[in-house]
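>>> Here you go, sequence then predicted model.
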Amino acid sequence: MLSRKRKTVTGKLIVERPPAIKPAKARRIIRRFHLLINKRRIICNKINIKLLEADESANSRRISEKLRLDGAQSFYDEGWNTQNPSPEYEAQMLRVQRLDDHNQLLRILGYIMSEIHQRGGLKNYQLASSMGQDRNRGGDSSKILINWFKTIRTSGRQYRALEIGSLSAENAISTSGIFDPVTRIDLNSNDPAKILRQDFMKRPLPSSEAEKFDLISCSLVLNFVPTPQLRGAMLLRFQHFLRLDVEKTYVFLVLPLPCVSNSRYMSTELLCEIMECLGYKQSHTHESSKIIYMLFQRSIGSKAQKKHVAGGFSKKVLIRDKANMNNFSIAL
Ligand SMILES: C[S@@+](CC[C@H](N)C(=O)[O-])C[C@H]1O[C@@H](n2cnc3c(N)ncnc32)[C@H](O)[C@@H]1O
């Protein structure tokens, strides 16, 4: 566990604060967590447990329910109680696609779930995810959004924003004064008073224009969504939350640069093509050494185009191929 308590020289507890994690370690934690949830998804598909991907407590409940119905708790517990890391379990987890022994699948599931929930996997992942916004690291991608928005806003107008994957109520979106109100949601809110714990994919659809937004911010979220289909579904869902009673609405999309610069199946051009098909035009873009920031604009009357309707982006297409490339893609 990374959590740490500080004491005075006399041993008195004085402050509790999240520890700093070096970027390389944060990346390692994030990669490990993604591996765990990917392998868990494969196991759960094999043994017919429908996960919600995004809601960890619901996932735990579903797994417990299935174990209860199958009377299979003991296999799961064996894995849960196995020492971690276990070379044997690690090796089996890596090739779990090819494993068909039901009881062994349950053991590995227990091994994975204990790392996520008992050994700090989820907590450390959340901490590592929030590191990117640390001011000391020059984080807060929304500063770039605010600089762009200053040039396009109508002065004096307030814009309503929905921030998906919000880690802080103190970032530029929330403090610039341009956006009011700012509705912040995250799967695992670290500040429930200010950030609603909610899966965007389950957020109830607005029942009136008053519940819709001028801007959706989706910064470093899409790359956390585990499958190309779910990423596509997230992009598709944006339209229901954008106002139709104003001329222009916006989507701020931020991704790690390698998602578009080093993927076999995705490029900036292809991403813009997908967004255009959904009715959005790119208005601003900026690349740093590690991140790509994009602002898309949707004009009133824009409609999804035929290529999307005809399933033009439903399958990933190899656009380049080199040994060290990743497989990031989006399917509509
Ligand atoms: C790396 S953090 C990004 C934080 C911040 N937006 C930034 O730019 O630094 C990704 C966050 O997205 C959240 N997230 C992923 N899928 C989500 C969903 N379907 N609904 C709400 N939040 C989601 C995760 O819980 C995680 O906290």
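Perfect, thanks for sending it. Predicted model, so just to flag it, every value in this text is computed and none were measured.
>>> What's the local residue count around whichever residue of the stretch 51-200 of the chain sits closest to the ligand?
Using C-beta to the nearest ligand atom, the single residue of the stretch 51-200 of the chain nearest to the ligand is Gly165, 2.7 Å away. Bear in mind the C-beta positions are built from the backbone N, C-alpha and C, glycine included. Taking other C-beta atoms under 10 Å as the neighbour definition, Gly165 ends up with a count of 21.
>>> who touches the residue in the stretch 201-332 of the chain positioned nearest to the ligand in this structure?
Closest to the ligand within the stretch 201-332 of the chain is Ser219: 3.3 Å, counting by C-beta to the nearest ligand atom. Applying C-beta atoms under 8 Å, 6 or more residues apart in numbering to Ser219 gives the contacts Ser141, Ser142, Glu163, Gly165, Phe252, Leu253, Val254.
>>> Starting from the one helix or strand the fifth one maps to, tell me which strands it pairs with and how they run.
In this case it means Phe252. Remark: Phe252 resides in strand 248-256, with elements defined by DSSP states H and E. Strand pairing for strand 248-256, using DSSP bridges, gives strand 215-219 (parallel), strand 291-299 (antiparallel).
>>> Past the first one, which element shows up next along the chain?
In other words, strand 215-219. In the C-terminal direction, the helix or strand that comes right after strand 215-219 (DSSP H and E) is helix 228-238.
>>> quick one: contacts of that next one?
Under the contact criterion C-beta under 8 Å, 6+ apart, helix 228-238 has outside partners 53, 200-201, 216, 218, 221-222, 225, 251, 265, 274-275, 278, 313, 316, 329-332.
>>> how many other residues sit next to the closest residue to the residue of the stretch 51-200 of the chain closest to the ligand other than its chain neighbours?
Spatial nearest neighbour of Gly165, chain neighbours left out: Val221 (3.7 Å); criterion: C-beta to C-beta, 6 or more residues apart in numbering. Val221 has 21 neighbouring residues, counting by other C-beta under 10 Å.
>>> so Val221 touches Ile164, yeah?
Yes - using C-beta atoms under 8 Å, Val221 and Ile164 qualify as a contacting pair, with a distance of 5.4 Å.
>>> The helix or strand hosting Asn103 packs against which elements?
Element membership for Asn103 (DSSP H and E) is helix 102-117. Counting contacts by 3 or more C-beta pairs under 8 Å, 6 or more residues apart in numbering; DSSP states H and E, the secondary-structure elements packed against helix 102-117 are helix 23-46, helix 56-70, helix 73-81, helix 87-94.
>>> With distance to Asp245 and mean neighbour count as new columns, can those helices be given to me in TSV?
Supplementary listing: the helices and strands packed on helix 102-117 in TSV, determined by distance: least, C-beta to C-beta, whole Å; neighbours: other C-beta atoms under 10 Å:
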stretch	distance to Asp245	mean neighbour count
helix 23-46	39	16
helix 56-70	35	15
helix 73-81	51	17
helix 87-94	50	14
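>>> do you know which of the ones you listed lies nearest Gly177?
Each of the helices and strands packed on helix 102-117 was scored for nearness to Gly177 using C-beta to C-beta, and the closest is helix 23-46 (30.7 Å).
>>> Output the contacting helices and strands for that closest one.
Counting contacts by 3+ C-beta pairs under 8 Å, 6+ apart, helix 23-46 is packed against helix 102-117, helix 121-131.
>>> For those, which has the smallest mean pLDDT value?
Out of these, helix 121-131 stands lowest, with a mean of 80 (criterion: mean pLDDT).
>>> Go through the following helix or strand past it and flag the buried ones.
Note on helix 121-131: by DSSP H and E, the next helix or strand toward the C-terminus is helix 142-152. Of the residues in helix 142-152, those with enough neighbours to count as buried (16 or more other C-beta atoms under 10 Å) are Ser142, Ile144, Leu145, Ile146, Trp148, Phe149.
>>> Quick one: check helix 142-152 for contact with the ligand.
No - with C-beta under 6 Å from any ligand atom as the criterion, the ligand is not reached by helix 142-152; the gap is at least 7.3 Å.
>>> any idea of the angle that helix forms with strand 291-299?
Angular relation of helix 142-152 and strand 291-299 on a 0 to 180 degree scale: 40 degrees, by axes from the mean of the first three to the mean of the last three C-alpha atoms, to 10 degrees.
>>> Only alpha carbons, please: show the helix holding Asn103 as PDB.
Output for helix 102-117, consisting of C-alpha atoms alone and laid out as PDB, is shown next (Å, rounded to 0.1, in the frame of the first residue of the first chain):
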ATOM      1  CA  HIS A 102     -13.100 -23.800 -14.400                       C
ATOM      2  CA  ASN A 103     -11.800 -24.200 -10.800                       C
ATOM      3  CA  GLN A 104      -8.400 -22.800 -11.800                       C
ATOM      4  CA  LEU A 105     -10.100 -19.800 -13.500                       C
ATOM      5  CA  LEU A 106     -11.800 -19.100 -10.200                       C
ATOM      6  CA  ARG A 107      -8.500 -19.300  -8.300                       C
ATOM      7  CA  ILE A 108      -6.900 -16.800 -10.600                       C
ATOM      8  CA  LEU A 109     -10.000 -14.600 -10.300                       C
ATOM      9  CA  GLY A 110      -9.600 -14.700  -6.500                       C
ATOM     10  CA  TYR A 111      -5.900 -13.800  -6.900                       C
ATOM     11  CA  ILE A 112      -6.700 -10.800  -9.100                       C
ATOM     12  CA  MET A 113      -9.500  -9.600  -7.000                       C
ATOM     13  CA  SER A 114      -7.400  -9.700  -3.800                       C
ATOM     14  CA  GLU A 115      -4.800  -7.600  -5.500                       C
ATOM     15  CA  ILE A 116      -7.400  -5.100  -6.600                       C
ATOM     16  CA  HIS A 117      -9.300  -4.800  -3.400                       C
END
